[in-house]
Structures are given as structure tokens and as C-alpha cells.
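give me a model of this one.
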Amino acid sequence: MATGARRVVVTQRFFDEASLAYLRGAGCEVAIAELPAGRADGDLSEDELVALLQGAEGWIVGHARVTRELLAALPELKIVSRRGVGYERVDLQAARDLGRVVTIAAGGNDASVADQAIGMMISVGRRFGEAQARMRAGSWSILMGTDLYRKTVGVIGLGRIGRSLVQRLSGFEARVLVVSSRPDPAYAARTGVSFVDLPALLAESDYVSVHAPLTPATRHLLRAETLAAMKPGAFVINTARGGLVSDRDLLAALKAGHLGGAGLDVFESESDPDMQPVTDELIALPNVVAAPHAGASTREGLDRTNMIASQCVVAVLDGRDAPTQCVVADGRVGIPAE
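Coordinates of the predicted model:
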């Protein structure tokens, strides 16, 4: 690599060769962090991150917390490029104040997460996990399941993943109810979905799938009172963010028999270790299908998000604008703050 190459640090596993070649071809010196076994970048301390990122102009990041203090300790860092679409762990105002750019890999994992939501609906409705556990124990008795076909599905949030889910649900001839801060009559006419308020969605849906960003307004959107308002026997699917659902209240609703089950890829314990006992109880329930925040982790999905994250890095290091849909904060001189 020629002297003067722009240093880019990747603190994520599963970074593919095509994305690596793209960065190197754009004149970047790429360092892929060797993370300790069993730890992701979100588990690293600020001191560990600073040591890894010294001299870096670009950072392709997973779930690490990007604080004002961390950014201030890395004066050469120009762009924080999320290989994903959530950015609640990034201090966006600090990035703007300090002249940095923050991007997300918009459009890279929509299909992967929507596929997972469908898979969880079918798995928990048809009781696949319970059936396999019984077979392993020697019992081949048949458990009665629930169809997804022609059921009412409530979709909370209609961003890219929510729309991908709606597209897939059409194949099941599902009746789709949507809660969104921006109802779209043209979209409703085109797809047949119905925009409703949250009480109506909860009362009528057989499956409720959450696809909203985690903000102070959406934290514990599904909690004791809203879970109690759901149709008896309904299923909760959360592939978005831990904290949108009160895991403690969901556990109580499942143990009480009010809900039929849940499909969970995200948990409050990811950001609050004190919630780990609740997570452990949830994943031990026979009517819960769980995954370790793996909705975007397909070969194809990671290849797409790696490349989008890399393209954002190169654009900013070249002095250009990253794709508009990817930019969540831009503090460069002459660029209006969001």
C-alpha cells in the first residue's frame, strides 16, 4: 500500500473479500480488528476502541457505542459508517459538533430481516421448536399449530424493512394493518394495507411485528397495558431493537397464557446486563423462538451491507456526499446539520 493511504478500521466480523478489495482499490489501508473470542465491538471499552482506531479516517462499525468522548479522542476520524441501519448507540449531535459524518447501510439488510420476521411467524405459529424438542425426547405426538395464511398481521413501522415484510405477506394473502407516523394513501391503495391506530392494530392482529426505530417515544411501545390489549393467543415478533418491547412484561404475558408466543431476535439485555435473567427466562419458554440479533446476518445481507458501508466511507474520504438515504449526521463545513 502506498504511503499516505487512508486508514480504515473495520470492527466487525464477516467482512467479505469484495468489499475489502473495493476499499483497497480506492486507496484505503484496511485494518480488520481481531476481536477477542466471544466479544463484538459493542463489548469493547472506550480505551480499547481508541487503541484500535488511532490514525483511522474511516470506521466501519457494528454495535459499539460512539460517544462524544470517543470521537474527541480520534481527531483524524472523518466517518463512522454503520454496517446496519440502527444508530441509537451513536451520539449524532456530537458527530455534527465535531465535524464528522455518520452513515448507515440503508437498503442492505431489508430483505434479510423481513425474511427472518416471516420465518419467526411461521416457526412460532407452527410450534416448530416445541415439536423438535419433543421428538428429541422421544415423543412424536403432533402439536396443533396456527397458519399465517389469511391471518391479520399488524406491522408497527413502515420503513424499508416494514415495506419488505408487507411485500412478503401478500403471498400469504394476509390482511395487513399498519401503524406509521406517516400514513401513505397511495401505498395503501397499491398494496391493500390499512393504516390504523395502535389500539385497533393490537385488538385485531393475530401477529404483531415491530419495525420501528428505538427512540424515547417508542421505548416500551409494547408493555403491560398494550400487550394486554392484544388479541388473546396472538404472537409478538420483534426483529428491530431491544427496548421496543418491555421484555419483563412480555414474559409475564406469555407465562399468563394471554399470548400464543413470540419470535425474538433482539432483547433489552443487549444494552442492559441486569435484564439478562429476563432474557434467559424468555428463551427457555417453549413458545418462544429466539435468535441472537442475527436478522441481518446472512451471507448475502452482510455482503450488501459491507459494500454499502464501504461506499459511504470512500465517498466521504474523497470529499463527496454519501448516498442521501445513508446519511444520518453530517458535520462537515458547508453541509447543513440534519
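
so where's this protein shaky on pLDDT?
For the chain, residues meeting the criterion pLDDT under 70 lie at 1-4, 333-338.

please redo it, this time with the cut-off set to 50
1-3, 335-338 (pLDDT under 50).

quick one, helices of it?
Along the chain, the stretches classed as helices by DSSP state H are 17-25, 46-53, 68-72, 92-97, 110-126, 128-136, 160-169, 185-191, 198-204, 224-228, 247-255, 276-284, 299-317.

give me the buried positions along the fourth one.
Of the residues in helix 92-97, those buried by neighbour count under the rule 16 or more other CB atoms under 10 Å are 92, 94-96. Just so you know, the C-beta spots here come from the backbone N, C-alpha and C atoms, and that holds for glycine as well.

I'd like those residues as CSV, with distance to Val266 appended.
Output for the buried residues of helix 92-97, formatted as CSV (distance: CB to CB, whole Å):
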residue, distance to Val266
Leu92, 21
Ala94, 25
Ala95, 24
Arg96, 27
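
residues in contact with Ser310?
With contact set as CB atoms under 8 Å, 6 or more residues apart in numbering, Ser310 has these partners: 19, 22-23, 60, 81.

ok, Val101 next?
Neighbouring residues of Val101 by CB under 8 Å, 6+ apart: 78-80, 95, 312, 316, 322, 327, 329-332.

now, of these, which are buried?
Buried subset of those (neighbour count, 16+ other CB under 10 Å): 78-80, 95, 312, 316, 322, 327, 329-331.

can you pull up the most central residue in this protein?
For the chain, Ala240 is the residue whose C-alpha lies nearest the centre (CA atoms, centre = their mean; 4.5 Å).

hmm, Val210 and that residue touching each other?
Yes - taking CB atoms under 8 Å as the definition, Ala240 is a contact partner of Val210 at 5.1 Å.

contacting residues for the residue nearest to Pro199 when sequence neighbours are not counted?
The shortest distance from Pro199 to any non-neighbouring residue, by CB to CB, 6 or more residues apart in numbering, is to Ala229 (6.3 Å). Counting by CB under 8 Å, 6+ apart, Ala229 touches 199, 202-203.

how near is Ala229 to Gly263?
20 Å (CB to CB, to the nearest Å).

please apply the same query to Ala73.
For Ala73, the distance to Gly263 (CB to CB) stands at 40 Å.

before we move on, what about Glu17?
On the measure of CB to CB, Glu17 and Gly263 end up 33 Å apart.

which one's more surrounded, these two?
Between Glu17 and Gly263, counted using other CB atoms under 10 Å, the more crowded position is Gly263 (26 against 9).

what's around the closest residue to the more buried one other than its chain neighbours, how many residues?
Of all residues not flanking Gly263 in the chain, Met120 sits nearest, at 2.8 Å (CB to CB, 6+ apart). Neighbourhood size, Met120 [other CB under 10 Å]: 27.

please apply the same query to Pro216.
Neighbour count of Pro216, defined by other CB under 10 Å: 5.

any figure for the gap between Gly119 and Gln132?
15 Å.

so between these two, which is more surrounded?
Shown here are Gly119 and Gln132; by other CB under 10 Å, Gly119 has more neighbours (17 against 10).

next up, the contacts around that one.
Contacts of Gly119 (CB under 8 Å, 6+ apart): none.

i'd like the first residue to be 299 from this point on
Got it, first residue is 299 now, which makes that one Gly417.

backbone dihedrals for Val494, please?
Reported as degrees, to the nearest 10, the phi and psi values for Val494 are phi -140, psi 170.

burial measure for it, as a count.
18.

thinking it is in contact with Val474, fair?
No - with contacts counted by CB under 8 Å, Val494 stays clear of Val474, the gap being 10.2 Å.

domains of the protein?
Domain assignment for the chain by automatic domain parsing gives 304-406+596-628, 408-588.

can you give me the end-to-end span of the shortest one?
Read it as domain 304-406+596-628. 19 Å (CA to CA, to the nearest Å).

over to stretch 511-528?
Terminal residues of stretch 511-528 lie 21 Å apart, using CA to CA.

cool, and stretch 355-373?
9 Å.

likewise for stretch 561-568?
16 Å.

now that stretch: buried residues?
Across stretch 561-568, burial judged by 16+ other CB under 10 Å covers 561-568.
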